[in-house]
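Engineer: please work out how this folds:
(2 chains)
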Amino acid sequence: AQTVTQSQPEMSVQEAETVTLSCTYDTSESDYYLFWYKQPPSRQMILVIRQEAYKQQNATENRFSVNFQKAAKSFSLKISDSQLGDAAMYFCAYRRGGSQGNLIFGKGTKLSVKP
Amino acid sequence: DTEVTQTPKHLVMGMTNKKSLKCEQHMGHRAMYWYKQKAKKPPELMFVYSYEKLSINESVPSRFSPECPNSSLLNLHLHALQPEDSALYLCASRDGRLAGGPADTQYFGPGTRLTVL
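Structural biologist: A predicted model of the protein is given here:
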């Protein structure tokens, strides 16, 4: 069975600094997708970034980028120039390819941003 | 547009009440999901609908009854709930018609905060 592990229950970063959130996963599948979702106190789960396993290039979305290490099964999220609005719970998620694959979430990392 | 809407935002109900949660999307997505989320925990999958048919029921108690009247709408009917069912209920949708990229991404609604007294 696939598993997703986020080893940092809480992280803190100074405004304008850079922070990296860790995520590892375990799978025997070759076709899968990885996601980072953000859930602020307002509670809506917002997609931050998506990575297809077959793509070697790391995904980037503005200040957010990932370090995807397929062999190591690692998928970390880097947030550059952190802003107060980045404070939230961040969930790493895995989905295997195909129509029946469902999201498997890590336990989440709570990110605080200090002014 | 990747909007999924949910109503109501908050719901308080007694254990003998019957209520319904509603989820709507107009993105043409063909897969829709219900999740339950407890505080400080990740979402737990409850139900999956694919092309308006129930494809996955994660052993959810029968006091939760899902319904998909059409491709845009998903309901969750609640009856005889217990206080431990108090949680945030999230709806999500996914394109499901194609493979890869955005089509394999789930988009979430804002959730309904349910309190069972």
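Engineer: contacts for stretch B:89-99, please.
Structural biologist: With contact meaning Cβ atoms under 8 Å, 6 or more residues apart in numbering or on different chains, stretch B:89-99 is reached by A:45, A:97-99, B:4, B:6, B:21, B:23, B:25, B:27-37, B:43, B:50-51, B:74, B:76, B:102-109, B:111-112, B:114. From N, CA and C alone the C-beta is placed, and that goes for glycine too.
Engineer: and if you look at stretch B:75-82?
Structural biologist: By Cβ under 8 Å, 6+ apart, the residues outside stretch B:75-82 that reach it are B:13, B:15-23, B:34, B:46-47, B:63-69, B:85, B:89, B:114, B:116.
Engineer: pLDDT (mean, whole number) over stretch B:87-99?
Structural biologist: Taken as a whole, stretch B:87-99 has an average pLDDT of 87.
Engineer: same deal with stretch B:55-75?
Structural biologist: The model assigns stretch B:55-75 a mean pLDDT of 94.
Engineer: between the two ends of that stretch, how far is it?
Structural biologist: 15 Å (Cα to Cα, to the nearest Å).
Engineer: near chain A, which residues of chain B show up?
Structural biologist: Proximity of chain B to chain A is confined to B:2, B:31, B:33, B:40-43, B:45, B:48, B:50, B:55-56, B:88, B:90, B:92, B:96, B:99-102, B:104-111, B:113 under the rule Cβ under 8 Å from any Cβ of the partner chain.
Engineer: okay, the spatially most central residue of chain A and chain B: tell me how far apart.
Structural biologist: The centroid of chain A falls nearest to residue A:36 when counting by Cα atoms, centre = their mean (3.1 Å). Distance of residue A:36 to chain B, computed by Cβ to the nearest Cβ, to the nearest Å: 12 Å.
Engineer: quick one on the thing from earlier: buried subset of the contacts of stretch B:89-99?
Structural biologist: A:45, A:97, B:4, B:6, B:21, B:23, B:25, B:29-37, B:43, B:50, B:74, B:76, B:104-109, B:111-112, B:114 (16 or more other Cβ atoms under 10 Å in any protein chain shown).
Engineer: from the residues of chain B next to chain A, which ones fall inside strands?
Structural biologist: B:31, B:33, B:45, B:48, B:50, B:55-56, B:88, B:90, B:92, B:107-108, B:113 (DSSP state E).
Engineer: tell me which residues form a beta bridge with the residue most central in space within chain B?
Structural biologist: Ranked by distance to the mean C-alpha position of chain B (Cα atoms, centre = their mean), the top residue is residue B:34 at 2.7 Å. Taking DSSP bridges, one obtains residue B:47, residue B:91 as the residues bridged to residue B:34.
Engineer: residue contacts, it?
Structural biologist: With Cβ under 8 Å, 6+ apart, residue B:34 has these contacts: B:23, B:45-47, B:66, B:74, B:76, B:89-91.
Engineer: go again with 6 Å.
Structural biologist: Listed by Cβ atoms under 6 Å, 6 or more residues apart in numbering or on different chains, the contact partners of residue B:34 are B:46-47, B:76.
Engineer: do residue A:24 as well
Structural biologist: A:5, A:73-74.
Engineer: buried among these? Make that a ChimeraX selection.
Structural biologist: In ChimeraX, a selection of the buried entries from the contacts of residue A:24 looks like this (16+ other Cβ under 10 Å):
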select /A:73
